[in-house]
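A.B. asks: I would like to see how this sequence folds:
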Amino acid sequence: MLTKFNLFFLLLISYVTVQAQQIKIVDKPISYNSTRIKLSLQYLKERHGITQTTPTITPKIIVLHWTAAKTFSSTFNAFYPAKLPNGDRKDIAQVSALNTSSQFLIDRDGTIYRLMPENYFARHVIGLNYCAIGVENVGSADFPLTDAQLKANELLVRYLCKKYNIEYLIGHYEYAKFKNTPLWKETNPNYLTGKNDPGADFMLNIRNNMKDLKLKGVSNN
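C.D. replies: The predicted structure is shown next:
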């Protein structure tokens, strides 16, 4: 039989555990000025075939990435301008001048930064931007993502799934497998780029940790 003290102790432990799982998000916005809004609306229309008056999305997919850069500041500074710098990323610049970005950026220590409102349009994944929230992680194949980042991604995905009707969780390297599905919206069938982020091992680990959410992957889209 539980005494009042034991019951209080169990409730306290439960409260501390819940508090420890609460997510902390730091708002650090990139420039979402009139130029970015204009280019985002243009991208939605020309690349996805969607005409809108506001650069917003209805999130269905979360796409995890790595930055291929070793510091938070270098990635943040790269994402900050509304337009791709002249001569940068020629493979994608020919399609749109809109700069790449994501809604979230996670540093090596697991700190989660929100770069724009979660339901704003960001250019981070071909064919799916109109319905995808992007989560960038500072790292690369030669600079593997950390355990702190794995935990931060899990907390963030759980947070987003509580707010939005998220159906899919994928790694960036998996995006092209949606090409022949109703979710795919890219007007140029030949516009694809090769990706390997955030790594198959990272995706396996996060999926194992989040089986309870029953999120779909590329095998059951």
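A.B. asks: Could you pull out the helices in the chain for me?
C.D. replies: All helices of the chain, identified by DSSP state H, fall at 4-21, 34-48, 72-79, 90-93, 147-163, 200-209.
A.B. asks: Please dump those into CSV; it should also carry distance to Ser140 for every row.
C.D. replies: Just so you know, the C-beta spots here come from the backbone N, C-alpha and C atoms, and that holds for glycine as well. Listed next are these as CSV, based on distance: least, C-beta to C-beta, whole Å:
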stretch, distance to Ser140
helix 4-21, 29
helix 34-48, 26
helix 72-79, 11
helix 90-93, 18
helix 147-163, 12
helix 200-209, 12
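A.B. asks: closest to Asn129 out of those?
C.D. replies: The closest of those to Asn129 is helix 34-48. By C-beta to C-beta, the value is 6.9 Å.
A.B. asks: neighbours around the spatially closest residue to Phe72 that is not a sequence neighbour, how many?
C.D. replies: The shortest distance from Phe72 to any non-neighbouring residue, by C-beta to C-beta, 6 or more residues apart in numbering, is to Asp107 (4.5 Å). Residues within reach of Asp107, counting by other C-beta atoms under 10 Å, total 21.
A.B. asks: Make residue 1 into 304 and carry on from there
C.D. replies: Okay, using 304 as the starting number, the last item reads as Asp410.
A.B. asks: Contacts only, for Asp410.
C.D. replies: Asp410 makes contacts with Phe375, Tyr416, Val441, Gln452, as judged by C-beta atoms under 8 Å, 6 or more residues apart in numbering.
A.B. asks: quick revisit: which of the helices of the chain has the lowest average pLDDT?
C.D. replies: In terms of mean pLDDT, the lowest-scoring of these is helix 307-324 (a mean of 42).
A.B. asks: Identify, from the contacts of Asp410, the entry nearest to Gly352.
C.D. replies: Nearest to Gly352 among these is Tyr416, at 31.3 Å by C-beta to C-beta.
A.B. asks: Would you check how far apart that closest one and Ile360 are?
C.D. replies: Going from Tyr416 to Ile360 by C-beta to C-beta, to the nearest Å gives 19 Å.
A.B. asks: same thing with Ser522?
C.D. replies: With distances taken as C-beta to C-beta, Ser522 is found 24 Å from Ile360.
A.B. asks: who's more crowded, the two?
C.D. replies: Per other C-beta under 10 Å, whichever of Ser522 and Ile360 has more neighbours is Ile360, with 24 against 7.
A.B. asks: so who does that one touch?
C.D. replies: Ile360 makes contact with Asn422, Tyr423, Phe424, Asn432, Tyr433, Cys434, Ala435, Ile436, according to C-beta under 8 Å, 6+ apart.
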